[in-house]
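Asks: Requesting a structural model of the entry that follows:
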Amino acid sequence: MNQDLPRWPRMAVAAAAVVGLGVGVAGTAVVVGASDGDGTRNVDAGAITLVSYNSCESALRELKAAALPHVGAYGMAGDVGIARDGDIAVAEEAPAAPATPGEVADAQPAAPNEADAGGAASKAEPGAAPDHSGTNNYESDVDEPDIVKTDGRRVVTVADGTLRVVAVAGHKQTAKLALPGGIPSQLLISGDRALVLTHSGGVAMPMPGGGVAEPGIAPGEPVPDAPGKPAPDEPVPDAPDTSPPIDDPAFGTQLVLVDLTGAGKVLGTLDVEGGYLDARQVGSVARVVTRSAPRLKFDYPDGRITPSEAADRNRDAVQSSSISDWLPRYQLSANGHRSSGELVDCTAVSHPASYSGASMLTILTVDLAHELGTGEPVSIAADGNTVYGSGPNLYVADDHLVRGVGFGPVDRPAPGGRQRTEIYQFDVSGAGRPAHVASGSVAGSLLSQYSLSEHEGNLRVATTMADSEESHSGISVLTKRGKTLAQVGRIDGLGRGERIYAVRFLGDKAYVVTFRQTDPLYTVDLSVPAKPRVTGELKITGYSSYLHPVGDGKLLGVGQEATTEGMTTGTQVSLFDVSDQRAARRVSQLQYAGGHSDVEADPHAFLYWPAKNLAVIPMMGVPTASGDTSGSGALVLRLTGNSMTEVGLIHHKVENAYYSIPRRAMVIGDELWTVSSTGVMVNNLDSLAEVAWLPFA
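Replies: Numbers count the residues shown, from 1 in each chain. So this is what the prediction gives:
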């Protein structure tokens, strides 16, 4: 048996390591009692309902009291990044695994809950942009940030660390901006504007050939003055504020609002203390979630001080802290003015009854159609690592696992030693600041945002329970009862001894893949929320780590083939017929020995275009007969009935094969566009003949 399989199929770029470090220990204990007559579980609402602090004095007192039990020789227990005088301290317990370049941070899975969708597609009207695919979003009306966006007229990308705009007509680059701050990692667009999400920690990007480029600058090019930034002798007027500015924040998030017209222009920047978690956009309004840790100077055993002495000093650091050490700060530069200070007032911070005091979640609201401001922040003294948006609601969940740090999840202590996931629901149906409406808790841990699904007023949550001798998975159904997300139904026992590798909710059905040695694909009927039931189980070797609906009762799975002992052997693409929920079957399979696909960790890399029955999957490490990796590229497949056939493999022909692997694919009109870290290639959609190649360097 392969007991050394990674606990989570995730990889991230070196820059992505910055994203996940500002994490503290959450702790919202929830007491679950006996069932009521209607199947609802009694939940201690007092433990999860958010309340505000009465004053700054009480906020500081309660934050200290909540944090002190978690303080030891290495700072906050379970933390992998507490800010200390502008540095990042990494606990020794954190795995020392290198990040893998060329992948996106903690990317979240994709595609709307419709059987024929493959990303938000736009249909052409007279005089409008041509038909085009969009980002492979989970929900059809909720956009997710990604490294590439298109509106059918232009392609906007930050795939190489520089914001570039390419006109679809003529295939010409129209704008190239080296953004102020750190590394642009994702973006959202609306109309002629883009919101670029940047890690402002100043981490250099690994580039082709093994070199390192400054953030936002293409390799081998001079470092220009950042557009929109004042020259050194042209000071920006400061708006009045009484707090010190963020001077080169070691661990922050930067939001950059950009005008995409012409040569492009930076309209404003907002630096926020704390690591970027995720974002969702509905219409022109984006909600950006960050998490911050208190700015405390911790000491660590280093041969000069003992663990006991370090623990005493760290407790003293907490006791002597001020309220400003706990609140995230901001710095705004827009419209010729600059302001800075504390992002939220201490009395505006909410908290659950039980928490650790180590982390703070903040939700920012940014309307891309308006000027950039401080984001109408809403903060809670809690932690979170998964964001899911249903449209009218935004959910932030914490399952006490650290993600997005370049290696598999790291356990953080859960309240009472139990493995649980706390979930906070916010109403974002309006354009203003989000309103917390309910909180809840379920047993187990999540895979990703795809573990959550809102349907007809219920929230379905798929989790794996691994805190017992034999792990297993299940699905909980929650519904809002006052300010509580109460459990009304649950099914357990899926994949005993295994964990979830993929999950997909489609209407009142769920498809769950668990794996350790073989891959059971479970079909679950959720039509009666109080009584979920397993209707079928298919056992095959290997596993799917991403499932996508491809119409006519079919699911496409991308993952890894494996031996009967559970050893993975390379990428496999499976076509499942799930029209009979009691007897799902695999009707077609393609295997690529030694291969790997970004889709396995980041479904934003997947494209399905139903008009042509085409699927595009980035592939890497597929050896040819000579043993090289020239077989890497964008694999184009055609789905016909119960079969899959290879149409071709699109290569970005540059010297460094690794960085030339296409990371995203888009259909625009009758063309297939692919984007790598080294350029954009345009191919004819039908013949795959090359139409244009636009190298970045």
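Asks: Going by secondary structure, Asp316 is in what exactly?
Replies: Element membership of Asp316, judged by DSSP states H and E, is helix 307-319.
Asks: What ranges in the stretch 301-450 of the chain fall below the confidence cut-off?
Replies: Scanning the stretch 301-450 of the chain for pLDDT under 70 picks out 402-418.
Asks: I'd like the distance from the helix or strand following the helix holding Asp316 to the chain centre, please.
Replies: Counting by DSSP H and E, the next helix or strand C-terminal to helix 307-319 is strand 329-334. Counting by CA atoms, centre = their mean, to the nearest Å, strand 329-334 is centred 24 Å from the centre of its parent chain.
Asks: Enumerate the positions of the helix or strand following strand 329-334 that are buried.
Replies: Using DSSP H and E, the next helix or strand after strand 329-334 towards the C-terminus is strand 337-342. Neighbour counts using 16 or more other CB atoms under 10 Å place 338-342 of strand 337-342 among the buried residues. C-beta: built from backbone N, CA, C; applies to glycine.
Asks: can you pull out the strands in the stretch 51-200 of the chain?
Replies: 51-52, 71-72, 75-76, 82-84, 87-89, 148-150, 154-157, 163-167, 172-177, 183-190, 193-199 (DSSP state E, counting those that start in this stretch).
Asks: try the stretch 501-650 of the chain
Replies: Using DSSP E, counting those that start in this stretch, strands in the stretch 501-650 of the chain cover 509-515, 518-525, 533-541, 543-549, 554-562, 568-577, 585-593, 607-609, 614-619, 633-640, 643-650.
Asks: so where is this protein shaky, pLDDT-wise?
Replies: Using pLDDT under 70, the chain drops low at 1-48, 77-127, 200-251, 402-418, 467-469, 622-631, 655-659.
Asks: and with 50 instead?
Replies: Across the chain, the ranges flagged by pLDDT under 50 are 1-46, 78-120, 122-126, 201-250, 404-417, 625-626, 629.
Asks: Could you report the separation of the residue lying farthest from the centre of the chain from Ala310?
Replies: Largest separation from the mean C-alpha position in the chain: Arg304, at 39.9 Å (CA atoms, centre = their mean). To Ala310, Arg304 is 10 Å away according to CB to CB, to the nearest Å.
Asks: go on, Glu422?
Replies: Look at Glu422 and Ala310: by CB to CB, they are 30 Å apart.
Asks: So Ile650 sits against Leu688, correct?
Replies: Yes. Here Ile650 reaches Leu688: they are 6.5 Å apart, a contact under CB atoms under 8 Å.
Asks: quick one, which of the two is more surrounded?
Replies: Of the pair Ile650 and Leu688, Ile650 is the one with more neighbours under other CB atoms under 10 Å, namely 20 against 15.
Asks: With adjacent residues omitted, what lies nearest to the more buried one?
Replies: Ala634 (4.1 Å; CB to CB, 6 or more residues apart in numbering).
Asks: cool, and Pro392?
Replies: Spatial nearest neighbour of Pro392, excluding adjacent residues (CB to CB, 6+ apart): Ser429 at 4.1 Å.
Asks: so the one you found is in which element?
Replies: Short version, using DSSP H and E: Ser429 is in no helix or strand.
Asks: show me where the chain has helices.
Replies: Ranges of helices within the chain are 16-19, 45-48, 56-67, 307-319, based on DSSP state H.
Asks: Val289 touches Asp278, doesn't it?
Replies: Yes. Using CB under 8 Å, Val289 is in contact with Asp278, at 5.5 Å.
Asks: got any residues that touch both of these two?
Replies: Val387 (CB atoms under 8 Å, 6 or more residues apart in numbering).
Asks: re the thing from before, elements contacting the helix holding Asp316?
Replies: Judged by 3 or more CB pairs under 8 Å, 6 or more residues apart in numbering; DSSP states H and E, the packing partners of helix 307-319 are helix 56-67, strand 71-72.
Asks: repeat that with 10 Å
Replies: Packing partners of helix 307-319 (3 or more CB pairs under 10 Å, 6 or more residues apart in numbering; DSSP states H and E): helix 56-67, strand 71-72, strand 75-76, strand 82-84.
Asks: Please identify the most buried of the ones you listed.
Replies: The highest average neighbour count among these, using mean count of other CB atoms under 10 Å, belongs to strand 75-76 at a mean of 28.
Asks: partners of it, with directions?
Replies: strand 71-72 (antiparallel) (DSSP bridges).
Asks: Off-centre distance for the partner strand?
Replies: Its chain's C-alpha centre lies 29 Å from the corresponding centre of strand 71-72 when counted by CA atoms, centre = their mean.
Asks: quick one on the thing from earlier: so what's the residue nearest to Ile650 up against?
Replies: With contact set as CB atoms under 10 Å, 6 or more residues apart in numbering, Ala634 has these partners: 605, 607, 616-619, 648-652, 661-665, 672, 674-676, 681, 683, 688.
Asks: now Ser190: how far from Gln517?
Replies: Counting by CB to CB - Ser190 and Gln517 are separated by 47 Å.
Asks: Next: Thr523.
Replies: Distance from Thr523 to Gln517, by CB to CB: 21 Å.
Asks: And for Val442?
Replies: 27 Å.
Asks: How about Gly264?
Replies: The value you get for Gly264 to Gln517, if CB to CB is used, is 52 Å.
Asks: Also Gln254?
Replies: Distance, Gln254 to Gln517, by CB to CB: 45 Å.
Asks: What residue, apart from its backbone neighbours, is nearest Glu690 spatially?
Replies: Closest to Glu690 by CB to CB, 6+ apart is Asn683, at 5.6 Å.
Asks: Bridging across strands, which residues link to that neighbour?
Replies: With DSSP bridges as the criterion, Asn683 is bridged to Leu672, Glu690.
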